[in-house]
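> Got a predicted structure here, sequence first:
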Amino acid sequence: MALTQRLEFRQSQALVMTPQLMQAIKLLQLSNLDLVAFVEGELERNPLLERGSEDDAPVRGEGASAEQDFPGGDDGADSGAGGEGVRGNGEPSDDWMSRELGSRAEIEQTFDTSMDNVFTEEPSETATRAAQDAAPTSYTEWGGGASSDEDYNLEAFVAAETSLQDHLAEQLAVALTDASQRMTGQYLIDLVDEAGYLPPDLGEAADKLGTTQEAVDAVLAVLQTFDPPGICARNLSECLAIQLRERDRFDPAMRALVENLDLLAKRDIAGLKKICGVDDDDIADMIGEIRHLDPKPGLKFATGRTQTVVPDVYVRPGPDGGWLVELNSDTLPKVLVNQSYYATLTKTLRKDEDKSYFADCLQNATWLVRALDQRARTILKVATEIVRQQDGFFTRGVAHLRPLNLRAVSDAIQMHESTVSRVTANKYMATNRGIFELKYFFTASIASADGGEAHSAESVRHRIKQMIDAEEANDVLSDDTLVERLRAEGVDIARRTVAKYREALRIPSSVQRRREKRYALGHSGGAISSSNDRSRDIAPA
């Protein structure tokens, strides 16, 4: 077969990912915090972008919102709050801006820009940002008169958090005066993990530090006297022993208990009494003391910060028995395209590269504003469909949560499944039953035993927890019993699925629950077990 070179013309169609499309997809899956950080960066880079002023924002309640009516409501009711809503008959409403602001032409004349380039802002947030960005007015606000060319930053006044290593290093400087011991102590402190534990094997420490193992053990003994009690232990038994010594309660019986924590984990009370040589009352008191100890003392100095969840969507009961779905305007960045500034610049620019630069800035700014607007509309549309699909959850609770997948929502709103997946990522909804991630409402389907409507996996898990919480000490439910009761309620579920859900809820087996309940009632549960229960509560593979 001969190899030849030739030129060919072919015509084909392909989807091209333009930079603007990639930007819109990226913004769609960002959380509200990441979105704010992204927009702040664009405001710094693009001179044609600016934050919307307080006059550019409508009054509260005129943002994106929607009302979904359910059986019992007024089928002809509208959202009444403007925005991309859903009327009682299921038809979308296109009143994105409130009628109280006047006609579209009047609004565009007021803003000095097209409505397509406006992203509404909440007045309260504008005032807050203006107050934060304003320069200090009093002498004390400038930090005692110290002058600086940097911007005023409130974070500069926040006290620094003390880490676990810093806390231990401060005590080390007081406890040890010898330079070699301090070096050894600092080396060991650097090995402490966030829970406050050292590695089980410290054999290499002496070789790396050029000292003896006895010297390392001596420094370790000093470190284990530091605050918090139980710090620098190498295992759980040593951690509890240190805390018991601190309380002067580490007697021979307690030592035997600490050295046999595996029996305590198995609830083998009879075995513990035999090893410790105590009676029922003493072993109960000893176990009570163990439970009051801190197994991870280092977590008091954990550096991780708890981030408060800010909902992206609010769901409130409507006046006509429906549900009002509204975007949280506090999480939406508000930016405008300053076309007046651009028009002024185009009259004065002479260089082609300058004209090209500002033309690109105008294009990027316009695309960003449109992408933000489209993102808000898409989130509202997806959230509204979720509320419509899961109306039973909002009305009657988690037991009425329906099976739902991405395809059902994407088909209903005429969008691709990947778009719905991106919208539901890192987005939260505040409801009358708490704050939930949008992905929470998408659950697997479990068939009905009588051939009726399928059940949601989340509602089944909730029902399993309800059954176990209501069980008595003398009637603990095994996994097989749970399966029988669920099937009696119309849920066709396998025993292994029940065991999987039970373990996901961190609920122990029936044998362990029986021991705990009997021990709580004051009975000597000992090694009470049932071979039948053990065979029924087998962990899933």
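Received, thanks.

> Contact partners for residue 196?
Contact analysis of residue 196 by C-beta atoms under 8 Å, 6 or more residues apart in numbering lists 164, 228, 230, 231, 232, 233, 239, 296, 297, 298, 299. Quick note: C-beta positions are derived from backbone N, CA and C, even for glycine.

> Turn those residues into JSON lines, including secondary structure, pLDDT and distance to residue 52.
Below are those laid out as JSON lines (DSSP: H, G, I helix; E, B strand; the rest coil; pLDDT from 0 to 100; distance: C-beta to C-beta, whole Å):
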{"residue": "164", "secondary structure": "helix", "pLDDT": "88", "distance to residue 52": "44"}
{"residue": "228", "secondary structure": "coil", "pLDDT": "90", "distance to residue 52": "50"}
{"residue": "230", "secondary structure": "coil", "pLDDT": "91", "distance to residue 52": "54"}
{"residue": "231", "secondary structure": "coil", "pLDDT": "91", "distance to residue 52": "52"}
{"residue": "232", "secondary structure": "coil", "pLDDT": "91", "distance to residue 52": "55"}
{"residue": "233", "secondary structure": "strand", "pLDDT": "91", "distance to residue 52": "56"}
{"residue": "239", "secondary structure": "helix", "pLDDT": "93", "distance to residue 52": "55"}
{"residue": "296", "secondary structure": "coil", "pLDDT": "91", "distance to residue 52": "47"}
{"residue": "297", "secondary structure": "helix", "pLDDT": "90", "distance to residue 52": "50"}
{"residue": "298", "secondary structure": "helix", "pLDDT": "88", "distance to residue 52": "46"}
{"residue": "299", "secondary structure": "helix", "pLDDT": "86", "distance to residue 52": "43"}
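
> For those residues, which single residue is the most surrounded?
Within the contacts of residue 196, most neighbours by other C-beta atoms under 10 Å means residue 231, with 28 neighbours.

> what's the pLDDT at the nearest residue to that residue once chain neighbours are set aside?
Among residues not flanking residue 231 along the chain, residue 196 sits closest, at 4.7 Å (C-beta to C-beta, 6 or more residues apart in numbering). On pLDDT, residue 196 comes in at 90.

> do the same with residue 110
pLDDT, residue 110: 53.

> re the thing from before, will you turn the contacts of residue 196 into a markdown table that also has distance to residue 494?
Below are those laid out as a markdown table (distance: C-beta to C-beta, whole Å):
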| residue | distance to residue 494 |
| --- | --- |
| 164 | 46 |
| 228 | 46 |
| 230 | 43 |
| 231 | 46 |
| 232 | 47 |
| 233 | 43 |
| 239 | 41 |
| 296 | 37 |
| 297 | 43 |
| 298 | 42 |
| 299 | 38 |
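
> So which of the residues you listed is the closest to residue 487?
Distances from residue 487 to the contacts of residue 196, taken as C-beta to C-beta, are shortest for residue 296 (41.5 Å).

> Was I right to think that closest one contacts residue 195?
Yes. Contact between residue 296 and residue 195 holds when scored by C-beta atoms under 8 Å: they sit 4.2 Å apart.

> following the one helix or strand residue 287 maps to, which helix or strand comes up?
Element membership of residue 287 [criterion: DSSP states H and E] is helix 280-291. Of the helices and strands lying after helix 280-291 in sequence (DSSP H and E), the nearest is strand 313-317.

> Given that following strand, what are its sheet partners and their directions?
Strands adjacent to strand 313-317 in the sheet, as given by DSSP bridges, are strand 323-327 (antiparallel), strand 428-431 (parallel).

> Could I get those in a markdown table, plus columns for mean neighbour count?
Below are the strands paired with strand 313-317 laid out as a markdown table (neighbours: other C-beta atoms under 10 Å):
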| stretch | mean neighbour count |
| --- | --- |
| strand 323-327 | 24 |
| strand 428-431 | 20 |
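
> Reformat those as CSV; add distance to residue 516 and mean pLDDT.
Below are the strands paired with strand 313-317 laid out as CSV (distance: least, C-beta to C-beta, whole Å; pLDDT from 0 to 100):
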stretch, distance to residue 516, mean pLDDT
strand 323-327, 41, 91
strand 428-431, 34, 92
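
> Make JSON lines from those strands and add distance to residue 505 to it.
Below are the strands paired with strand 313-317 laid out as JSON lines (distance: least, C-beta to C-beta, whole Å):
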{"stretch": "strand 323-327", "distance to residue 505": "29"}
{"stretch": "strand 428-431", "distance to residue 505": "22"}
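
> Would you mind saying which of those strands lies nearest residue 283?
Between these, strand 428-431 lies closest to residue 283; by C-beta to C-beta that is 46.5 Å.

> Give the partner strands of the next helix-or-strand element following the closest one in its sheet and their orientations.
As assigned by DSSP H and E, the chain's next helix or strand after strand 428-431 is strand 434-437. Strand 434-437 has its sheet partners listed here by DSSP bridges as strand 428-431 (antiparallel).

> Go ahead and measure how far the strand it pairs with is from the middle of the chain.
Distance, stretch centre to chain centre, for strand 428-431: 12 Å (C-alpha atoms, centre = their mean, to the nearest Å).

> ok, back up a step: return the closest of the contacts of residue 196 with respect to residue 273.
residue 239 (23.7 Å).

> In contact with the closest one, which residues are there?
Contacts of residue 239 (C-beta under 8 Å, 6+ apart): 196, 197, 230, 233, 293, 295, 297.

> Can you tell me the centre-most residue of this protein?
residue 309 (6.7 Å; C-alpha atoms, centre = their mean).

> Phi and psi next, for that one.
phi -80, psi 130 (degrees, to the nearest 10).

> next one: residue 263
According to degrees, to the nearest 10, residue 263 has phi -70, psi -40.

> Next up, the contacts around it.
271, 272, 275.

> What about residue 279, how many residues nearby?
10.

> One more: residue 418?
13.

> Report the secondary structure state of it.
Here residue 418 is helix, with the state taken from DSSP: H, G, I helix; E, B strand; the rest coil.
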